[in-house]
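> sequence first, predicted coordinates after that:
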Amino acid sequence: MRARLRRSLTAKLLAAELLIVLAGSGTLLLVSLAIGPGIFRNHVHEVLKAIPADVAHHLDIAFAEATIVALGIGIAAAIATAIAVSAVVSVRIVRPIGSLAESAQRVAQGAYDTRVAITGDDELARLGSAFNQMAGALSSAESRRRSLLTDLAHELRTPLATIGGYVEGLADGVVRPEPATWAALQVEVSRLGRLVDDLNTVSRAEERQLDLRLVRVRPGALAEAAIRAAAPLYAAKGVVLAHDAAGGLPEVEVDLDRIGEVLGNLLENALRHTLAGGRVGVTERRSASGIELVVSDDGEGIAAEHVARVFERFYRADPARSRAGGGSGIGLTIARAITEAQGGRIHAESAGPGQGSTFTVWLPAAR
Ligand SMILES: Nc1ncnc2c1ncn2[C@@H]1O[C@H](COP(=O)(O)OP(=O)(O)OP(=O)(O)O)[C@@H](O)[C@H]1O
Ligand SMILES: [Mg+2]
């Protein structure tokens, strides 16, 4: 109990206040008893000239008594005020700090949904809301981490099961060690390799750790390069890839390889989700304090409930089909992370299934 009292902020505050009261009243007492009677006697002397000894003695006693009584009442009032102030401070400051400390401890133990109640708008309220914000950020980071682990386990299961199946078959002699077998194994191994690379790129981009080599470039040049790279695959599938070039746009400052990766991902998706005979267009245009690169297709489109989520890790609108097609649902996550790492934004739009999709990359104009 005594140790707790010694550690308590309220007890310390009260002790400090009492010390002030004691120092003040002690000084007052000493000073008034040391020089007060002299001044008092001088004044009485000036008025009455000669004072009989017994009267002088009474006056001295009267002065001392009055001083002590006044001082006693003053000290009592000061102590009462000190206690009242300590009580108010305790309720207003010490208690919220205590509950903040308890909440911080709970968060440290993993209870990320802990929040503190906030009243008023003083520094303590700001501390409380900063604490709540921090707990919220920790909580969403934690849930992202959990879902990442679940998704990752899910993504690893399919290729690992396939590899396991082949290896078992080879061991039992059911599967023959021929080129087709090695090729199938190779596909799964490289799928795993790509997954690891992709995840690495996403985390590095999200942590702003990509080495970006920024150069100034015309937006049109970015579109042209991406179209040149994708053209053979488009020709092979029979999808038209057109560039609606625009002139007079401000230059942007980007890493050519990384932006190439973003546009490459968008063009790969557009091709995958557009039937032969369809059309994919790339356009650049001016937009508030920057430019937009737009990739739009007239393919299968995206249902409203999926549009907002296609940038999430491992998200696929149609999991079964996409996995068979080789996509791991991470291309757009990479595209977004890379775009944002260069100060840009990316978003998707679609009027719905069968209505085509449009992906827009906004980049700030170079200064
Ligand atoms: N142009 C598009 N048209 C229709 N749906 C699209 C289009 N682009 C993306 N999507 C949807 O968004 C999902 C996520 O795309 P993302 O590029 O992230 O993954 P993926 O293409 O499935 O796999 P990965 O790019 O990793 O190979 C796709 O699975 C698809 O359902
Ligand atoms: Mg993709």
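Sure thing, it's come through. Ligands and ions are numbered 1, 2, ... in the order given.
> for the stretch 201-350 of the chain, give the residue positioned nearest to ligand 1.
In the stretch 201-350 of the chain, the residue that lies nearest ligand 1 is G331 (2.2 Å; CB to the nearest ligand atom). The C-beta positions use only the backbone N, C-alpha and C, and glycine is treated the same way.
> ok, and the closest non-adjacent residue to that residue?
N265 (4.2 Å; CB to CB, 6 or more residues apart in numbering).
> pretty sure that neighbour sits against R336.
No. In this structure, N265 is not within contact of R336 by CB atoms under 8 Å, at 9.8 Å.
> please say which of the two ends up with more neighbours.
Neighbour count, other CB atoms under 10 Å: between N265 and R336, R336 has more, with 24 against 21.
> spatially nearest residue to the more buried one, not counting backbone neighbours?
F311 (4.6 Å).
> can you count the residues close to the one you found?
19.
> does it sit in a helix, a strand or a coil?
coil (DSSP: H, G, I helix; E, B strand; the rest coil).
> mind listing what it touches?
By CB atoms under 8 Å, 6 or more residues apart in numbering, the contact set of F311 is L332, T333, A335, R336, I346, A348.
> ligand 1 contacts on this structure?
265, 269-270, 273, 297, 299-300, 302, 310, 315-318, 322, 327-333, 357 (CB under 6 Å from any ligand atom).
> surely R208 meets A341?
Yes. The criterion here is CB under 8 Å, and R208 meets it with A341 at 5.8 Å.
> for the residue of the stretch 201-350 of the chain closest to ligand 1, give me its contacts.
D198, N265, E268, N269.
> spell out which parts of the stretch 251-367 of the chain neighbour ligand 2.
N269, G331 (CB under 5 Å from the ion).
> again, only using 8 Å
N265, E268, N269, R272, G327, G329, I330, G331, L332 (CB under 8 Å from the ion).
> just the pLDDT for the fifth one.
What the model reports for G327 is a pLDDT of 73.
> now, which of the contacts of F311 lie within strands?
Taking DSSP state E as the definition of strands, those contribute I346, A348.
> report the buried members of the contacts of F311.
L332, T333, A335, R336, I346, A348 (16 or more other CB atoms under 10 Å).
> out of those residues, who's nearest I93?
R336 (44.1 Å; CB to CB).
> how about JSON lines for the residues of the stretch 251-367 of the chain next to ligand 2, with secondary structure and distance to A11 added?
Formatted as JSON lines, those follow (DSSP: H, G, I helix; E, B strand; the rest coil; distance: CB to CB, whole Å):
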{"residue": "N265", "secondary structure": "helix", "distance to A11": "63"}
{"residue": "E268", "secondary structure": "helix", "distance to A11": "68"}
{"residue": "N269", "secondary structure": "helix", "distance to A11": "66"}
{"residue": "R272", "secondary structure": "helix", "distance to A11": "70"}
{"residue": "G327", "secondary structure": "coil", "distance to A11": "65"}
{"residue": "G329", "secondary structure": "coil", "distance to A11": "59"}
{"residue": "I330", "secondary structure": "coil", "distance to A11": "57"}
{"residue": "G331", "secondary structure": "helix", "distance to A11": "62"}
{"residue": "L332", "secondary structure": "helix", "distance to A11": "59"}
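> roughly how far apart are the residue of the stretch 201-350 of the chain closest to ligand 1 and V202?
Look at G331 and V202: by CB to CB, to the nearest Å, they are 10 Å apart.
> and if you look at Y315?
Distance from Y315 to V202, by CB to CB: 13 Å.
> hmm, back to that, list only buried entries from the residues of the chain next to ligand 1.
265, 269-270, 273, 297, 299-300, 302, 310, 315-317, 322, 327-333, 357.
> let me know the secondary structure of the closest residue to ligand 1 within the stretch 1-150 of the chain.
Distances between the stretch 1-150 of the chain and ligand 1 by CB to the nearest ligand atom are smallest at L148, namely 14.7 Å. Recorded secondary structure, L148: helix (three-state DSSP).
> just the helices from the stretch 251-367 of the chain, written as ranges.
Secondary structure of the stretch 251-367 of the chain by DSSP state H, counting those that start in this stretch: the helices cover 256-272, 304-307, 319-324, 331-341.
> contact partners for S296?
S296 neighbours (CB under 8 Å, 6+ apart): A270, V280, G281, T283, G356, S357, T358, F359.
> hey, what's it bridged with?
G281, T358 (DSSP bridges).
> roughly how far apart are it and L267?
11 Å.
> need the residues touching each of those two.
Common neighbours of S296 and L267 (CB under 8 Å, 6+ apart) are V280.
> those strands in this protein, which residues are they?
Using DSSP E, strands in the chain cover 214-217, 240-244, 252-255, 279-287, 290-297, 345-350, 357-364.
> list the buried residues in the fifth one.
In terms of neighbour count (16+ other CB under 10 Å), strand 290-297 has its buried residues at G290, I291, E292, L293, V294, V295, S296, D297.
> and the pLDDT for the first one?
As summarised for this prediction, G290 has a pLDDT of 94.
> residues in contact with the spatially closest residue to it that is not a sequence neighbour?
Using CB to CB, 6+ apart and skipping the chain neighbours, the partner closest in space to G290 is P364 (4.4 Å). By CB under 8 Å, 6+ apart, P364 lies in contact with V252, S289, G290, G343, G344.
> closest to ligand 2 among these?
G344 (18.2 Å; CB to the ion).
> tell me the phi and psi of the closest one?
phi -100, psi -170 (degrees, to the nearest 10).
> residue contacts, the residue in the stretch 51-200 of the chain that ligand 1 sits nearest to?
At 6.4 Å from ligand 1, D198 is the closest residue in the stretch 51-200 of the chain, using CB to the nearest ligand atom. Residues in contact with D198 (CB under 8 Å, 6+ apart) are S328, I330, G331, I334.
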